[in-house]
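Peer 1: Coordinates for the following, if possible.
(2 chains)
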Amino acid sequence: GAGVSQTPSNKVTEKGKYVELRCDPISGHTALYWYRQSLGQGPEFLIYFQGTGAADDSGLPNDRFFAVRPEGSVSTLKIQRTERGDSAVYLCASSFGLAGGSDTQYFGPGTRLTVL
Amino acid sequence: ILNVEQSPQSLHVQEGDSTNFTCSFPSSNFYALHWYRWETAKSPEALFVMTLNGDEKKKGRISATLNTKEGYSYLYIKGSQPEDSATYLCAWVPYGGATNKLIFGTGTLLAVQP
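Peer 2: Numbers count the residues shown, from 1 in each chain, chains lettered A, B, ... in the order given. Now for the predicted structure:
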């Protein structure tokens, strides 16, 4: 079956520009997560959706970052006024949203964002 | 700050060698521990989810153990093969949050030489 897909796979932009990163989760998964991996670090949590609503956005670094999931499926991560420090691999994951820490998250291949 | 640490940072072994690496996490507020394998240019692949102290999981040549009281997990690979080359990530899920957000370590990069 189809896994989590992310587009684009690579994005190069200039400082100050606006970018959108898209995530298509596994069909039937109600939970969706965004993570960011900077060079030399492990992935860091950004935001979690349960259905259409952002249940936890505590990982978003500042108000330049925003994410939506209007129909409870596809999600878009939006970054305004990009900065060089935003360069990273942005990972999306989806799951069934089961209670308890054992709910397995299935990851997409990521979008590599480079801000020049 | 509650950190997840992995060691070693990188590891180079010969084909056929057995190897192991460590994930350390806060022993308080433990909910679950996840292991992932991430090959270059691919999606991170879920290996194990572990929740109970003393848990042991196995998948082919790869196995993992869990000690929640002292806050560590070991991942073992028996008879390493070149296709095992990847970054192995562990992620801790703390108890009590409204989400199952994963708190990752920085990973162990394994390179298996043929």
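Peer 1: Tell me the residues on chain A that lie near chain B, please.
Peer 2: Of all the residues in chain A, those in contact range of chain B (Cβ under 8 Å from any Cβ of the partner chain) are A:3-4, A:31, A:33, A:35, A:40-45, A:48, A:55-56, A:59, A:91, A:95, A:100-110. Placement of C-beta: from N, CA and C, glycine included.
Peer 1: Any quick PyMOL command for the buried ones out of these?
Peer 2: Remark: buried members of these, expressed as a PyMOL selection using 16 or more other Cβ atoms under 10 Å in any protein chain shown:
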select buried, chain A and resi 4+31+33+35+42+43+44+45+48+56+59+91+95+101+102+103+105+106+107+108+109+110
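Peer 1: Where strands are concerned, which of the residues of chain A next to chain B count?
Peer 2: A:Ala31, A:Tyr33, A:Tyr35, A:Glu44, A:Phe45, A:Tyr48, A:Ala55, A:Asp56, A:Leu91, A:Ser95, A:Tyr106, A:Phe107 (DSSP state E).
Peer 1: does the third one really touch A:Tyr90, like I thought?
Peer 2: In other words, A:Tyr35. Yes: in this structure A:Tyr35 lies within contact range of A:Tyr90 using Cβ atoms under 8 Å: 7.5 Å.
Peer 1: tell me, how many neighbours does A:Pro61 end up with?
Peer 2: A:Pro61 has 13 neighbours, counted by other Cβ atoms under 10 Å in any protein chain shown.
Peer 1: next one: A:Leu32
Peer 2: Applying other Cβ under 10 Å, we find 28 other residues in the vicinity of A:Leu32.
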